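*Asks:* A predicted structure for the sequence below; I have some questions about it.
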Amino acid sequence: MSVREVKRRLRAWDLGEPIPRFATLHHRVAEPRRVLVVAFVRMAGESRPWGIAWGSPGVEPKIETVPDGRVRDAVASLCANFGEDLLEHMRVHNWTYDPVPKDAGIEDLQQVWVPNGQHLAMFHQLAYAYSQTKFGGSDRQLLNSLGRLSGWLFRDSSRRGSQHIVDASAALREAFSFPAEDARQAHLGFLLAWLTTAGTRDDRIRAAGTAELSSVSPTMNPALERDQLALLLEERRESLGNGESASAQEDQIANVLHEELLRRWLLCSDAYEFIRNTDRKLNPGVDDLVSDSLKEFFWQCQAQEIKIANPDEGKTPFVSHPETDFHGSSAASRYLTFAAADEKYLNTLIHDDAELFSDAVADGRAVRGTVVAVRDEGEGRKTTPAWTVRMDAETGHRIREGGRVVPIGSRKHWATVTGLTQTEIETTVHLEWDGNKTKPITTGIESKPADPAWVGEEVSLVAADGSDITSWRSRRVWAAKDGPGAWLTHGSATAPLIADIASEAAEPILDDVAQIEGPST
């Protein structure tokens, strides 16, 4: 936790209520018809869902459950019903009349909202269960597509700037600073109570403490499952064993699960509405993040579904294994893609958010200084503006010679750091302007870099966005097959992969190397 975040939390405690963390919102909130709120419950010790609630905010959700979450076929049928709606909502090829196109625009963004990170992890479990299953009968293709989409949603959620799946608890923590411990802030009901309760700080503390008593995770309160559901399951088992109807017990189980699912779904829906109705503006840089997310969705998910649905075209799809990357180039490429997204996130949003810039200054990722000299180091008719910028010696920074910096609010201009001088009193930075050097900087006095009027002006600088280079590396890594380190980036899987290992009829599946390079001879 940064010093600035500690200060924000102390201020929130002093005021007795959560306070805005940043000046803008860093995540797009799609309109209700483009949002699917999803909540799960599962039996203790089980990975697959016992029940699922899903639907758009403001509309009564669908809530479906099974009597016993340990019965695989019943759970598969439940997941198939959910998967059909999820695939259509996300506009996945072969499951909708209106699939997301390659040239999708911002208006094509479809979102899934879940209560917290544990519900997000349920998509990983669905990927494990169904992405490569050989079972499911007539629902097999549907379940496979659900598994593949779930795997992509789970993986993309960890890419910084991802816009398709939203952890509601994380979204509230990103938007507000709460006067509470980190561990308690994982509870969505706790956060909403702090935000929506009127009155004093003590009133909010009491409301948040009460909300915290009700479980929000997919795993239900142990006392509820032990004292109610376990007894009903035992009675159901005995009734079926005696050849009697178990409908009474099944109805009671469904009622308990329905109540648990509805409460989780409503909390997530309330969080969506709260963020959607906040008076904070959306950071303009979010549009770039949405565009990147749409490209990721098409190439990592949609394009693979198109290949799977059209095998006659001879294009081999690549389906990521839910456990790990078994192909070195794939792993390296995805690592670099995520690294590029992490780098781009700050540089995309910082130009329109003063609080984010102040955080970056405190972390040394951005600096403030005063221009003390402006000169033209060009030869002949060539213009090469150069600045000397001085900062307080106590200012921590990560600026390095040879690096590039950008003035806050003018991202299309950039300068190269040609020299650094450090004394006990001050730090002197020498800059040479390279990008748009003959055009006015769109911040400060809004003049060209070569204008002597910049002398005496305070300027704010942040490291230039180098994510394009990292993205280029993510593509170039595929050319490493015959180069140095090929043993690492193009090594074979250590063991054959098995689909649906819980089944007696489990079959080997192609590993990642075979999918990409073809089976070995």
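*Replies:* Structure's in. What do you need? None of the values given here were measured: they were computed from a predicted structure.
*Asks:* Report the secondary structure state of Val389.
*Replies:* For Val389, the secondary structure call by DSSP: H, G, I helix; E, B strand; the rest coil comes out as strand.
*Asks:* OK, contacts around it?
*Replies:* Counting by CB atoms under 8 Å, 6 or more residues apart in numbering, Val389 touches Gly369, Thr370, Val371, Val372, Thr428, Val429, His430, Leu431, Val459, Leu461. C-beta coordinates here come from the backbone N, C-alpha and C atoms, glycine included.
*Asks:* What are the boundaries of the helices in the stretch 1-150 of the chain?
*Replies:* Counting by DSSP state H, counting those that start in this stretch, one finds helices in the stretch 1-150 of the chain at the ranges 3-15, 72-89, 117-130, 140-156.
*Asks:* how far away is the residue lying closest to Met391 once chain neighbours are set aside from Thr384?
*Replies:* Excluding its sequence neighbours, the residue lying closest to Met391 (CB to CB, 6 or more residues apart in numbering) is Gly369, at 4.1 Å. Applying CB to CB, to the nearest Å, the value for Gly369 to Thr384 is 20 Å.
*Asks:* Surely the residue nearest to Met391 and Trp387 touch.
*Replies:* No: look at Gly369 against Trp387 with CB atoms under 8 Å: they stay out of range, at 9.4 Å.
*Asks:* Can you give me the domain assignment for the protein?
*Replies:* Partitioning the chain according to automatic domain parsing yields domains covering residues 28-172+180-282, 355-464.
*Asks:* Distance from the chain centre to the shortest one, please.
*Replies:* Spelled out, that is domain 355-464. Distance of domain 355-464 from the chain centroid (CA atoms, centre = their mean, to the nearest Å) equals 33 Å.
*Asks:* Next: stretch 86-96.
*Replies:* Relative to its chain's centre, stretch 86-96 lies at 20 Å (CA atoms, centre = their mean).
*Asks:* same thing with stretch 333-349?
*Replies:* Chain-centre distance of stretch 333-349: 12 Å, with CA atoms, centre = their mean.
*Asks:* Contacts for it next, please.
*Replies:* Outside stretch 333-349, the residues that touch it by CB under 8 Å, 6+ apart are 24, 26, 155, 158-162, 283, 285-286, 288-289, 292, 296, 325, 356, 360, 365, 406, 411, 462-468, 470-471, 473-475, 477-478.
*Asks:* could you pull out the helices for the stretch 351-500 of the chain?
*Replies:* Going by DSSP H, counting those that start in this stretch, the stretch 351-500 of the chain shows helices at 354-363, 467-476, 486-489.
*Asks:* follow-up on the earlier one: which residue of Gly369 and Thr384 possesses the greater neighbour count?
*Replies:* Gly369 (24 against 15; other CB atoms under 10 Å).
*Asks:* And that one, how close does it get to His413?
*Replies:* 16 Å.
*Asks:* tell me which residues of stretch 55-65 are tucked away?
*Replies:* Buried positions in stretch 55-65, judged by neighbour count with 16 or more other CB atoms under 10 Å: Gly55, Ser56, Pro57, Pro61, Ile63, Glu64, Thr65.
*Asks:* which residues touch Ala366?
*Replies:* By CB under 8 Å, 6+ apart, the residues touching Ala366 are Ile350, Phe357, Ala360, Ile408, Ser460, Leu461, Val462, Ala463.
*Asks:* Tabulate the residues you listed (CSV), appending pLDDT and distance to Gln111.
*Replies:* Converted to CSV, the contacts of Ala366 look like this (pLDDT from 0 to 100; distance: CB to CB, whole Å):
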residue, pLDDT, distance to Gln111
Ile350, 93, 24
Phe357, 92, 28
Ala360, 89, 28
Ile408, 93, 30
Ser460, 92, 33
Leu461, 91, 35
Val462, 91, 29
Ala463, 88, 31
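*Asks:* picking up where we left off before, and the helices of the stretch 351-500 of the chain: which comes nearest Met391?
*Replies:* helix 354-363 (10.5 Å; CB to CB).
*Asks:* Show residues contacting that closest one.
*Replies:* Contact with helix 354-363 is made by 2-4, 20-24, 26, 346, 349-350, 366-368, 408, 460, 462, as judged by CB under 8 Å, 6+ apart.
*Asks:* distance of Asp108 from His26?
*Replies:* 20 Å.
*Asks:* more crowded one of those two?
*Replies:* Between Asp108 and His26, counting by other CB under 10 Å, His26 is the more crowded of the two (20 against 16).
*Asks:* Looking at the more buried one now. What's its pLDDT?
*Replies:* Note for His26: predicted pLDDT of 94.
*Asks:* Isn't it up against Asn283?
*Replies:* Yes: applying CB under 8 Å as the test, His26 and Asn283 come out as touching, 5.6 Å apart.
*Asks:* Need the overlap of contacts for these two.
*Replies:* Common contact partners of His26 and Asn283 (CB under 8 Å, 6+ apart): Leu349, Asp353.
*Asks:* now the residue of the chain positioned farthest from its centre: how far from Ala30?
*Replies:* In the chain, the greatest distance from the average C-alpha position (CA atoms, centre = their mean) is reached by Gly380, at 50.5 Å. Noted for Gly380: a distance of 54 Å to Ala30, by CB to CB.
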